[in-house]
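> Provided below for reference: sequence and predicted model.
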Amino acid sequence: MTVSNSAITIMGIATVSCLLIPIAAVIVFKCRTHGRLLPVFYGMLGFFIFALWLEPICHQFFLNPNNAVGQTILSHPLLYALYGGLAAGIFEETGRLAIFKYAMKSYPERKYAIACGIGHGGIEMLLLGALNLGATLLIALSLNMVGMEGYLEQAGAAGIDVATLETTLTSIASTPASLYALSFVERIAAFILQLSLSVFVFKAVREKKWLYYLLAIVLHMMIDVVAGLYQAGIMPLLLCEIIVAAYSIAVAVFAFREYKKMTGGVYAPAVSK
C-alpha cells in the first residue's frame, strides 16, 4: 500500500503554501502600511497563551471521561460540537481582547487589528497546516520508499506500537488527494476568519462597543461547531468545507465594512450629542 503521487503533490503544495502565506501576509502588511511588526508577535502570543495553554486546561475537566460532565459531553455529538465551538470562541477571542486592551494600548491605528490577526491566524496556519501536513508528507514519502512492511518493521525495531502505526499508515494511504486539498482550503478559510475576528475585537476595545467582542465569540463558535459536527460524523467533509469557505468569505466582507468605518486609520471616539 502506497500514497498516490497526486496526494503527495497536493500535500507538498499545501505544506509550502501554509508556510509562505503568513510570511507573505507580513511582508504585504509592512510594505503597504509601513506599520510596526510587534503586534504580529502579540497576535502569536495571544494564540499560544489562550488557545494552546489555557483552553486545553479547560478541556481537562469538560472532556474528562472520568467525570459526569465529560461523559455527558463526549457521549452527545451535538453537545460535543457546541462545547468545542464555545470554548474556542471564548478563549481565542478573550485572548485577542486582552492583547488589544493591555499589550497594544499604544497601537490605536486600525491597521494593527490586521497585524494582530496575521500573527494569530499565521501561527495557527503554521502549526495546524504546515506542521501537520508536512509531517504527513514525510510519512507518506517514507512509506512509498520502503513499503508498508518495511516501515512497520523499522518501527517495531524502534519500539513503536506497530498496530496503531499500521492504522495510521493505512489511513494516510487511503485518503484521496481531494481530501488533502480540502484540508488546505480549510486552512486558508481559517486564516481569513482570524483576520476578520481581529477586526471585530479591535473595534470592541477601541470603540468600547463590547457587542463586537460577543459577536466575535459567536462567529468563532459557529464555524467551530460546523467542524465539530464533521468530527462527530454528523456532517460530510465536503459539505463542511463548503460551509467553512462560504462562511469565512461572508464574515470577511462584513469585517471589511466595519474596518472601513474606522476612517483615517486611527480611531477617534465620536463625541456624544
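Received, thanks.

> just the helices in the stretch 101-250 of the chain please.
111-124, 132-157, 162-174, 177-207, 211-231, 237-261 (DSSP state H, counting those that start in this stretch).

> which helices and strands sit right next to the first one?
So the one you mean is helix 111-124. helix 5-33, helix 38-46, helix 77-98, helix 177-207 (3 or more Cβ pairs under 8 Å, 6 or more residues apart in numbering; DSSP states H and E). Quick note: C-beta positions are derived from backbone N, CA and C, even for glycine.

> hang on, the earlier thing: tell me which of the helices of the stretch 101-250 of the chain sits most buried.
helix 111-124 (a mean of 27; mean count of other Cβ atoms under 10 Å).

> next, the angle helix 38-46 makes with it.
Orientation note: helix 111-124 sits at an angle of 40 degrees relative to helix 38-46 (axes from the mean of the first three to the mean of the last three Cα atoms, to 10 degrees).

> distance to residue 20 for the helices of the stretch 101-250 of the chain - can I get that in JSON lines?
Listed next are the helices of the stretch 101-250 of the chain as JSON lines, based on distance: least, Cβ to Cβ, whole Å:
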{"stretch": "helix 111-124", "distance to residue 20": "11"}
{"stretch": "helix 132-157", "distance to residue 20": "13"}
{"stretch": "helix 162-174", "distance to residue 20": "24"}
{"stretch": "helix 177-207", "distance to residue 20": "12"}
{"stretch": "helix 211-231", "distance to residue 20": "24"}
{"stretch": "helix 237-261", "distance to residue 20": "19"}
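
> out of these, nearest to residue 86?
helix 211-231 (5.1 Å; Cβ to Cβ).

> what's the closest one in contact with?
77-78, 80-82, 84-86, 88-90, 92-93, 96-97, 193, 196-197, 200-201, 203-205, 235-237, 240, 243-244, 247-248, 251, 258 (Cβ atoms under 8 Å, 6 or more residues apart in numbering).

> recalculate using a threshold of 6 Å.
For helix 211-231, the external contacting residues (Cβ atoms under 6 Å, 6 or more residues apart in numbering) are 81-82, 84-86, 88-90, 93, 97, 197, 200-201, 203-204, 235, 237, 240, 243, 247, 251.

> what of stretch 58-75?
With Cβ under 6 Å, 6+ apart as the criterion, stretch 58-75 contacts 79, 80, 83, 87.

> how many residues are close by residue 109?
Other residues near residue 109 come to 19 when the count uses other Cβ atoms under 10 Å.

> in the sheet, who's paired with it?
residue 266 (DSSP bridges).

> how much space between it and residue 151?
The gap separating residue 109 from residue 151 is 52 Å, by Cβ to Cβ, to the nearest Å.

> next one: residue 209
For residue 209, the distance to residue 151 - Cβ to Cβ - is 55 Å.
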